[in-house]
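[1] Here is my input; please provide its structure:
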Amino acid sequence: MSFVFAEGYDCINARSYAAGKEKLGEAIPLARQCDDAFAKAAVPSPLVQRSWCSVQMLIICTAITNLIK
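    Numbers count the residues shown, from 1 in each chain. I've put the predicted structure just below:
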C-alpha cells in the first residue's frame, strides 16, 4: 500500500492529477484487503488505525484533486 501512496504522490507532484487520483484510488481496496485478511484469520489487525487513517487521507486527496482542473 505504501508504494501505491508513493506512486500517487509522485503523479500529483508531477501535476498529473488524473493519474495520481487513479493510483490513490487503488490504495483504498488494498487497505481494506489487509483488514479483511486479518479478520478472516480471526486475528485482531494491528493495522486498523493505520488503515483508517490511510482511507481518510485518500478521501481528502481525492477531494482535493477533484477541485483541481
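
[2] what's the spacing between the residue lying farthest from the centre of the chain and residue 17?
    In the chain, counting by C-alpha atoms, centre = their mean, residue 42 sits farthest out from the average C-alpha position, at 23.9 Å. The spacing between residue 42 and residue 17, counted by C-beta to C-beta, to the nearest Å, is 41 Å. C-betas here are computed from N, CA, C, even on glycine.

[3] same thing with residue 48?
    Residue 48 is 30 Å from residue 17, by C-beta to C-beta.

[4] So which of those two has more stuff around it?
    Using other C-beta atoms under 10 Å as the criterion, residue 48 and residue 17 rank with residue 17 on top: 16 against 12.

[5] Can you give me the pLDDT of residue 26?
    Looking at residue 26, its pLDDT is 85.

[6] Revised request: answer the last question for residue 68.
    Confidence score, pLDDT, at residue 68: 81.

[7] tell me the secondary structure for residue 49?
    For residue 49, the assignment made with DSSP: H, G, I helix; E, B strand; the rest coil gives helix.

[8] So what's the residue count around it?
    Residue 49 has 9 neighbouring residues, counting by other C-beta under 10 Å.

[9] Okay, now the unreliable bits of this protein?
    Residue ranges of the chain with pLDDT under 70: 1, 69.
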